[in-house]
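Colleague: I'll drop the sequence and a predicted model, then ask my questions.
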Amino acid sequence: TVASAAVLDHTRDDVPAEKLQRLGALDENGELTEIGRRMEQFADESPEHARMLVEAERFPETVRTQVAAIVALQKTPADLVVYGSKKRPCKERWRNLIDSEHNDSDWLKQLEVLASIQNMPREEPLGYDIRPGVPGKVKRELRRLKNQQGLTECDLTLPSDEERQQIVKCIIAGSADKLWHQMNIRDLVPSYKWRSEVFAVDTRRLVDTDKGRLYRNSEGEERKRSQRSLIKMGQLVVADPEDIRVRQNGEEVKIPVLKGITNVKLSDLREVAPQLFADEDRGFVVGSDDKPVRLVESVLDNGLLQLG
């Protein structure tokens, strides 16, 4: 199913209606929601970025600027920092600019680097293994986004703990269609009717070869954490899929990974993406007046593991 003509004009692409529904831009009838109408002010942005910027509107200007900076980072094709590899060793000195105490989002780590280098002399970022030319491109895009939203020309600041929580909500809102959950034995054994089914499962499938867990989306696709990620993944995340291609024994091998990872709290997801939840009848309980009361629980309803 493809979205309506108005939304296609807004997104400039044949974006599936299901994607826009998961982002909250369309209702179940394919009509624009209030969020969708607010997203139309960002007609030049992708639906993901428009949704992030709309969510940020309810927060202070410092957070709106920080979210705009993350959008600018995501829109810049080249990485802000240089990563080391066996063929091209690198000290990755930009890690000294990152707060290791937080385990929330790879994009917040990138934001920390960007905020730390913004007022450095032109050549100094090279000493932190920052990719030449990229900070300038990000700053220009950030300036455009700030002007578009009427934000003041103030410096980008490092986010406080409260601001980090608000930024994470904006990221989740813009990536509500990119949910991944950590696989467990229930994904391999739908029913526990027979003990033999459990013992017959190859549980090694749940752990990848790089000391990480496998994650699955609502379409059943399985991926593992990118080695470039800077956070420890929780049970539920939003992330972008990426296929890394390497050559092994003369043949090209595709490694499916997740990058740009953000850990998701179910309470945050309910707040910014209520459209993903449905009320499920869980039977009856006895109320305080000794009368039966129907028990209804809101559960994640997008094909993922049911998380109440």
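Modeller: Happy to help now that I have it.
Colleague: Which parts of the stretch 1-150 of the chain are helices?
Modeller: If DSSP state H, counting those that start in this stretch is used as the criterion, the helices of the stretch 1-150 of the chain fall at 5-11, 17-22, 34-39, 47-56, 61-75, 106-117, 134-149.
Colleague: Give me the below-cutoff pLDDT ranges for the stretch 151-300 of the chain.
Modeller: 185-212, 279-300 (pLDDT under 70).
Colleague: residue boundaries of the strands in it?
Modeller: Applying DSSP state E, counting those that start in this stretch to the stretch 151-300 of the chain gives strands spanning 179-182, 214-216, 222-225, 236-248, 251-263, 277-286, 292-300.
Colleague: Please report the distance of residue 137 from residue 151.
Modeller: Applying C-beta to C-beta, to the nearest Å, the value for residue 137 to residue 151 is 19 Å. (Each C-beta comes from the backbone N, C-alpha and C, glycine too.)
Colleague: what's the answer for residue 79, then?
Modeller: For residue 79, the distance to residue 151 - C-beta to C-beta - is 25 Å.
Colleague: So which of those two has more stuff around it?
Modeller: A count of neighbours by other C-beta atoms under 10 Å puts residue 151 above the other of residue 79 and residue 151, at 16 against 13.
Colleague: Please give me every residue in contact with the more buried one.
Modeller: Counting by C-beta atoms under 8 Å, 6 or more residues apart in numbering, residue 151 makes contact with 61, 64-65, 68, 145.
Colleague: switch to 10 Å and redo it
Modeller: Listed by C-beta atoms under 10 Å, 6 or more residues apart in numbering, the contact set of residue 151 reads 61-62, 64-65, 68, 142-143, 145.
Colleague: Hmm, residue 108 is touching residue 161, no?
Modeller: No: the criterion here is C-beta atoms under 10 Å, and residue 108 misses it with residue 161 at 11.2 Å.
Colleague: Tell me what the residue nearest in space to the middle of the chain is bridged to.
Modeller: Closest to where the C-alpha atoms of the chain average out (C-alpha atoms, centre = their mean) is residue 238, at 3.5 Å. Bridge pairing for residue 238 (DSSP bridges) gives the partners residue 179, residue 262.
Colleague: if I look at it, how far off is residue 138?
Modeller: Here residue 238 is placed at a distance of 21 Å from residue 138 (C-beta to C-beta).
Colleague: just residue 124 next, same as before
Modeller: With C-beta to C-beta as the criterion, residue 124 and residue 138 are 16 Å apart.
Colleague: And those two? Which one has more around it.
Modeller: residue 138 (24 against 11).
Colleague: which residues touch that one?
Modeller: Here residue 138 is in contact with 69-76, 78, 80, 110, 114, 118, 156 (C-beta under 10 Å, 6+ apart).
Colleague: just the buried members of those residues?
Modeller: Buried members of these, scored by 16 or more other C-beta atoms under 10 Å, are 69-74, 76, 80, 110, 114, 118, 156.
Colleague: and those as a markdown table, adding distance to residue 181?
Modeller: Compiled in a markdown table, these are given as follows (distance: C-beta to C-beta, whole Å):
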| residue | distance to residue 181 |
| --- | --- |
| 69 | 28 |
| 70 | 23 |
| 71 | 25 |
| 72 | 29 |
| 73 | 26 |
| 74 | 23 |
| 76 | 29 |
| 80 | 29 |
| 110 | 24 |
| 114 | 30 |
| 118 | 36 |
| 156 | 33 |
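Colleague: and the residue lying closest to residue 70 once chain neighbours are set aside, how many neighbours?
Modeller: Residue nearest to residue 70 in three dimensions, not counting chain neighbours: residue 107, with 4.8 Å by C-beta to C-beta, 6 or more residues apart in numbering. Residue 107: 24 surrounding residues under other C-beta under 10 Å.
Colleague: Go ahead and confirm residue 107 touches residue 171.
Modeller: Yes: between residue 107 and residue 171 there is a contact under C-beta under 10 Å: 6.0 Å.
Colleague: Show me whatever sits in contact with both of those two.
Modeller: The contact sets of residue 107 and residue 171 overlap at 52, 67, 70-71, 74, 260, 262 (C-beta under 10 Å, 6+ apart).
Colleague: With distance to residue 234 added, can I get these in a markdown table?
Modeller: Below are these laid out as a markdown table (distance: C-beta to C-beta, whole Å):
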| residue | distance to residue 234 |
| --- | --- |
| 52 | 20 |
| 67 | 21 |
| 70 | 20 |
| 71 | 24 |
| 74 | 21 |
| 260 | 15 |
| 262 | 10 |
